[in-house]
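Have a look; sequence and predicted model below, questions after that.
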There are 2 protein chains.
Amino acid sequence: MARAKIEDERKEQILAGFEACVIRNGLAKTTLQKVADEVGLPRSLVRYFVGNRDSMVDLLIERMIERGEATLATAERDGEVSTLSDLIDTIFTVTFDDETSNNVVGELWYLAQRDGAIRSRLADMYSRITDALVVQMTAEEIGPGLAEREDVAQALLSLAYGEASFTDIGLKKPNSISSRRLADALIYELATASKT
Amino acid sequence: MARAKIEDERKEQILAGFEACVIRNGLAKTTLQKVADEVGLPRSLVRYFVGNRDSMVDLLIERMIERGEATLATAERDGEVSTLSDLIDTIFTVTFDDETSNNVVGELWYLAQRDGAIRSRLADMYSRITDALVVQMTAEEIGPGLAEREDVAQALLSLAYGEASFTDIGLKKPNSISSRRLADALIYELATASKT
DNA sequence: TCCATTCTTGTCATCTTTGAAAAGAATGGG
DNA sequence: CCCATTCTTTTCAAAGATGACAAGAATGGA
């Protein structure tokens, strides 16, 4: 054999630095050199471990999406989401309440407009959430049918995402009626729709 | 005197080309040269009329925000928004249904995270919308108080923005219950809140 | 010890973008 | 016709970022 591999740790270290740079200066202004400075390595080592810039961006996206999915999966596995209400809570207070993730996702969002690969990764991530919502709605027999449940799930996601976006750039005003309660209103609308 | 000024037309021409480039390739990848190619002028002329790159971005933002505000102002002036329902319609089907604007706003959004000037311009633009909503809710005596109306207005904005964002990157599924109807559910929730 | 593998350093050439400025052409009035 | 103002062309230098690679050092086992 040969020298022990430290590739994984280095990658993690570099991506963490990359993320810090992106949050501080934005994706467009983050260069390989700045990432290198951030983690205290020469640029050539950064290249050695994460490849070229595009490849580095890909890895960051991977990281973000895995983190998002892990959040939801963990909550589900730990039995913290036994009801629809729990699930919505999780989405509003965990998934869309992680400032770091929101910040980076915001950066990635516009890349998705032109990059099909990123777009499908984001689509996967978010459909994981809507799927979970629909499953729970179905279990609790809310709404007349699948299509309506999917629409409400989409609306809940939009509401949470929109609110996170406004919060992200500091445009959100303090709440007295929480969005969480308004989310319930959407569910209520769906529930009554089944009787109309 | 001297030669007639064509500054305004040139600026408009250049900004339109800039916008086209941004929509096609994204803000980060849009260079002065590409804008110049787009409008068929040498780069030096672009610089002559819109200054350096930062200045050009500022002008684009100005343009976007003026356009957004003009849309709402026009609808109000033409008496197309006499009811709350009309106003919500306008917001959902006009303000957040302009693909071009959404696309560019999406590009600008992440700049706002670090640029206070852009942020306050966006804040102005969106508070114009929430203000209009609150005024109309007040006129129709919906909801118990100002705070609640503001929250619902904010939620409506978040919903519309979130939905526009998902649509923008092509992640939105077809609707059977429209977001518009779900928006009504939010209003309904507010209306009943006054009696609870 | 020797070797294959893995990591690290340092340097180079190239490409792109930008900012700047000189010099010339067009235009409308005096 | 002349001149001030405005627009246009052309060219240059500097900065920044990237990709590539050669050469060396560290490591763990045979």
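The structure has been received and is ready for your questions.

A:Val39: neighbouring residues, count only.
Using other C-beta atoms under 10 Å in any protein chain shown, A:Val39 has 17 neighbouring residues. (Glycine included, C-beta is placed from N, CA and C.)

how near is it to DNA strand C?
The span separating A:Val39 from DNA strand C equals 11 Å under the rule C-beta to the nearest atom of the strand, to the nearest Å.

ditto for A:Asp184
48 Å.

what about that residue, helix or strand, and which?
Per DSSP states H and E: A:Asp184 is located in helix A:179-193.

buried ones in stretch A:2-21?
When neighbours are counted by 16 or more other C-beta atoms under 10 Å in any protein chain shown, the buried residues of stretch A:2-21 are found to be A:Arg10, A:Gln13, A:Ile14, A:Leu15, A:Gly17, A:Phe18, A:Glu19, A:Ala20, A:Cys21.

Around DNA strand C, pick out the residues from chain A.
Applying the criterion C-beta under 7 Å from any atom of the strand, the portion of chain A that neighbours DNA strand C consists of A:1-7, A:10, A:41-45, A:48.

how about low-confidence regions in chain A?
Applying pLDDT under 70 to chain A picks out residues A:1, A:173-178, A:193-196.

now the helices for it?
A:7-25, A:32-39, A:43-50, A:53-77, A:84-93, A:99-112, A:116-139, A:146-168, A:179-193 (DSSP state H).

Which stretch among those is buried most, on average?
Per residue and on average, the most neighbours among the helices of chain A fall to helix A:146-168, with a mean of 23 (mean count of other C-beta atoms under 10 Å in any protein chain shown).

Output the contacting helices and strands for it.
Applying 3 or more C-beta pairs under 8 Å, 6 or more residues apart in numbering or on different chains; DSSP states H and E, one finds that helix A:146-168 contacts helix A:84-93, helix A:99-112, helix A:116-139, helix A:179-193, helix B:146-168, helix B:179-193.

Check the offset of the last one from the chain's centre.
For helix B:179-193, the separation from the chain centroid amounts to 23 Å (computed by C-alpha atoms, centre = their mean, to the nearest Å).

ditto for the first one
For helix A:84-93, the separation from the chain centroid amounts to 15 Å (computed by C-alpha atoms, centre = their mean).

Between helix A:146-168 and it, find me the angle.
Using axes from the mean of the first three to the mean of the last three C-alpha atoms, to 10 degrees, one finds that helix A:84-93 and helix A:146-168 are set 30 degrees apart in direction.

Who are the contact partners of A:Gly145?
If a contact means C-beta atoms under 8 Å, 6 or more residues apart in numbering or on different chains, then A:Gly145 has no contacts.

nope, A:Gly170 is what I was after
The neighbourhood of A:Gly170, defined by C-beta under 8 Å, 6+ apart, consists of B:Arg119.

quick one, domains of chain A?
Per the record's domain assignment (automatic domain parsing), chain A is made up of the domains A:1-51, A:65-193.

can I get the ones you listed in a markdown table with distance to B:Arg180?
Listed next are these as a markdown table, based on distance: least, C-beta to C-beta, whole Å:
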| stretch | distance to B:Arg180 |
| --- | --- |
| domain A:1-51 | 34 |
| domain A:65-193 | 10 |
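
Need those in a markdown table (columns: distance to DNA strand D).
Putting those into a markdown table (distance: least, C-beta to the nearest atom of the strand, whole Å) gives the following:
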| stretch | distance to DNA strand D |
| --- | --- |
| domain A:1-51 | 3 |
| domain A:65-193 | 14 |
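
what's the distance between the residue nearest the centre of chain A and chain B?
Nearest to the mean C-alpha position of chain A, by C-alpha atoms, centre = their mean, lies A:Gly68 at 4.6 Å. Distance check for A:Gly68 against chain B: by C-beta to the nearest C-beta, to the nearest Å, it reads 14 Å.

Likewise for A:Arg3?
Using C-beta to the nearest C-beta, which is the criterion applied here, A:Arg3 is 38 Å from chain B.
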